[in-house]
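Colleague: sequence? don't have it. structure:
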């Protein structure tokens, strides 16, 4: 999953880096497991490698992040 932060999301993560764990928690609510987490340089700001039991739950977990206020 590739994330691109909003300007308010960047500010929130600088002030409190543990907020990234909230993103992990929201993904895990859909029975997906975060395997790796990386900060990126370039077009995207963050990359999460996620293991999901099926395509629907993977889609649902990513949709939840798209609609969040932290990341696109």
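Modeller: Right, received. Where do you want to start? Keep in mind the model is a prediction, meaning the values are calculated, not measured.
Colleague: Now the helix ranked longest in the chain: buried residues?
Modeller: For the chain, the longest helix by residue count, based on DSSP state H, is helix 55-66. Neighbour counts over helix 55-66 (16 or more other C-beta atoms under 10 Å) mark 57, 58, 60, 61, 62, 65 as buried. C-beta: built from backbone N, CA, C; applies to glycine.
Colleague: swap in stretch 15-23?
Modeller: 20, 23.
Colleague: what's the answer for stretch 1-14, then?
Modeller: 1, 3, 5, 9, 12, 13.
Colleague: Need those in TSV (columns: pLDDT, distance to residue 46 and secondary structure).
Modeller: Output for these, formatted as TSV (pLDDT from 0 to 100; distance: C-beta to C-beta, whole Å; DSSP: H, G, I helix; E, B strand; the rest coil):
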residue	pLDDT	distance to residue 46	secondary structure
1	85	9	coil
3	83	4	strand
5	80	7	strand
9	74	10	helix
12	80	13	helix
13	79	9	helix
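Colleague: ok, which pair from these is furthest apart?
Modeller: 1 and 12 (18.6 Å; C-beta to C-beta).
Colleague: nearest residue to residue 34 other than its sequence neighbours?
Modeller: residue 24 (4.9 Å; C-beta to C-beta, 6 or more residues apart in numbering).
Colleague: Ramachandran angles for the most centrally placed residue in the chain?
Modeller: In the chain, the residue lying closest to the centroid (C-alpha atoms, centre = their mean) is residue 23, at 4.9 Å. Residue 23 adopts backbone torsions of phi -70, psi -40, taken as degrees, to the nearest 10.
Colleague: would you say residue 49 is within a strand?
Modeller: Yes. Assignment of residue 49 by DSSP: H, G, I helix; E, B strand; the rest coil places it within a strand.
Colleague: For it, list each beta-bridge partner.
Modeller: residue 36 (DSSP bridges).
Colleague: For it, give its distance to residue 37.
Modeller: 8 Å (C-beta to C-beta, to the nearest Å).
Colleague: Looking at these two, which has the bigger crowd around it?
Modeller: Comparing residue 49 with residue 37 by other C-beta atoms under 10 Å, the one with more neighbours is residue 37, at 16 against 11.
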